[in-house]
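>>> Kindly generate the corresponding structure for this input.
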Amino acid sequence: MDEGLRLRGESMTFAIVSNGFADGPAQALRDYLVARGNDVVTVFHPLTPEQGATHRITTYAAGARNSERTVKLPLRPPASFLLDPFVPLLPPKVDVWFGFNPLACARGLAARAGRVVLWSVDFVPDRFGRGSMATRIYDRVDAMCCRRADARVELSEAARAGRNARHGLPADAAAHIVPMGAWVERVPTTQPNGFERHRAVFLGHLVARQGVQTFLEAVALLDGVEADVIGTGPLEQELRDRAPSAVTFHGYVEDHREVERLLSEASVAVAPYEQSFTQFADPGKLKAYLAAGLPIVLTDVPPNAHELAREAGAEIVTGDARSLSDAIARAHASPQQWQARREAALTYARRFDWNALFDDLFAKLNLSAS
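Model prediction:
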């Protein structure tokens with residue numbers, strides 16, 4: 001599958017095509033390549049209805065932003081997904097095309113880009129409902145990309161195995177594993193006396209499965225604790241109307257460096273997921289919490305929850321407001337324990353520095369990023 005990707009030392013141009021404007025692997029890859037002086041074209045399509053109908057095409061030349069334009073279509077996600085492959089109408093001519101979903105990858109294959117990499121940021125069986133036409137089409141395109149792309153990248157071993165089984169691929173079908181990362185050296189971190197802030201933070205999409213309502217109920221049970229909610233979603237206005245006065249809503253924050261600053265000013269981070277989280281996921285916000293040095297309180301839903309509890313200073317709680325509020329209070333009860341959890345989070349986060357993850361991937365792909 002990787003035959004022909006032996007381009008180390010050559011000057012190359014890259015395309016990154018993805019859905020979503022928040023920070024994730026596609027945005028991190030952009031920053032990695034741009035910082036090394038590469039020519040890059042990014043195409044970011046909206047992922048959720050709240051992100052509107054605007055598609056952004058940005059070019060970078062020799063490591064600097066060269067141009068940006070937007071295309072506004074009459075449809076919002078998910079209806080707009082079928083239009084994504086037509087933006088832009090003329091695909092950029094590049095040496096390496098990274099498609100962060102099947103449609104994005106298929107566009108690169110159709111454009112006859114030099115090399116095409118399918119980068120799957122999740123794996124959800126029956127994505128659009130069991131047996132639905134949309135699911136059948138998605139599976140067909142995904143399977144085609146798995147077979148025809150020059151390389152595959154998966155989020156986890158479980159996702160690789162699940163996709164291989166789903167599409168009838170050989171159990172040992174090649175895929176490189178790149179977990180969610182963080183800019184460990186770049187991000188600001190909590191101060192050693194950060195426990196004094198008594199400030200809890202939630203980062204994520206404001207939908208029921210993220211447990212944000214439970215977080216607000218937990219804050220209402222606490223005295224002397226303030227809270228930040230970073231993100232937007234269909235529940236945002238309802239949550240704003242019902243939230244206690246101690247909660248500050250920041251909405252969607254486009255600049256991830258501002259998100260990182262807000263995280264560094266908190267003293268504890270929460271991830272009260274409800275039981276809807278796929279076993280194949282690797283939540284990006286948990287890495288952002290860890291990189292900021294925040295003790296984490298989370299439910300036993302993400303697949304790495306127990307590892308975080310063992311090694312990264314996290315505490316697992318049940319999904320009710322009282323359990324969550326008690327854990328937030330415990331996080332602030334002992335300065336010594338808070339500082340130990342902070343150090344554990346920072347130490348664990350160093351394993352997932354984006355620079356190291358991308359360096360390793362490009363070496364395996366025999367590609368040069370500089």
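>>> Residue 325 and residue 56: what is the separation?
Using Cβ to Cβ, to the nearest Å, we find residue 325 at a distance of 40 Å from residue 56. Any C-beta I mention is one placed from the backbone N, CA and C, and that applies to glycine too.
>>> In terms of neighbours, single out the busier of those two.
Between residue 325 and residue 56, residue 325 has the larger neighbour count (other Cβ atoms under 10 Å), namely 22 against 15.
>>> Send me the helix or strand hosting the more buried one as CSV with only the CA atoms.
Using DSSP states H and E, residue 325 falls within helix 321-333. Extracted in CSV, the C-alpha atoms of helix 321-333 (Å, rounded to 0.1, in the frame of the first residue of the first chain):
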residue,chain,number,x,y,z
ALA,A,321,-24.4,15.5,39.2
ARG,A,322,-23.6,14.6,42.9
SER,A,323,-20.8,12.3,42.0
LEU,A,324,-19.4,14.8,39.6
SER,A,325,-19.6,17.7,42.1
ASP,A,326,-18.0,15.6,44.9
ALA,A,327,-15.1,14.8,42.6
ILE,A,328,-14.6,18.4,41.6
ALA,A,329,-14.5,19.3,45.3
ARG,A,330,-12.0,16.5,46.1
ALA,A,331,-9.7,17.8,43.3
HIS,A,332,-9.4,21.0,45.3
ALA,A,333,-9.3,19.5,48.8
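>>> now what about that helix, what contacts it?
195, 198, 200, 214-215, 217-222, 225, 267-268, 270, 272, 295, 297, 315, 317, 338, 341 (Cβ atoms under 8 Å, 6 or more residues apart in numbering).
>>> redo that, cut-off 7 Å
With Cβ atoms under 7 Å, 6 or more residues apart in numbering as the contact definition, helix 321-333 has outside contacts at 195, 198, 200, 214-215, 217-218, 221-222, 225, 267-268, 270, 272, 295, 297, 315, 317, 338.
>>> Which of those are buried? Put it as a ChimeraX command.
Buried residues among the contacts of helix 321-333 (16 or more other Cβ atoms under 10 Å), as a ChimeraX selection:
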select :195,198,200,214,215,217,218,222,225,267,268,270,272,295,297,315,317,338
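>>> Go through the contacts of helix 321-333 and flag which are in strands.
200, 268, 270, 297, 315, 317 (DSSP state E).
>>> and which of those is nearest residue 367?
residue 270 (38.2 Å; Cβ to Cβ).
>>> didn't that closest one look like it was pressed against residue 216?
No: counting by Cβ atoms under 7 Å, residue 216 is not a contact partner of residue 270; they are 10.4 Å apart.
>>> Surely residue 66 forms part of a strand?
Yes: assessed with DSSP: H, G, I helix; E, B strand; the rest coil, residue 66 lies in a strand.
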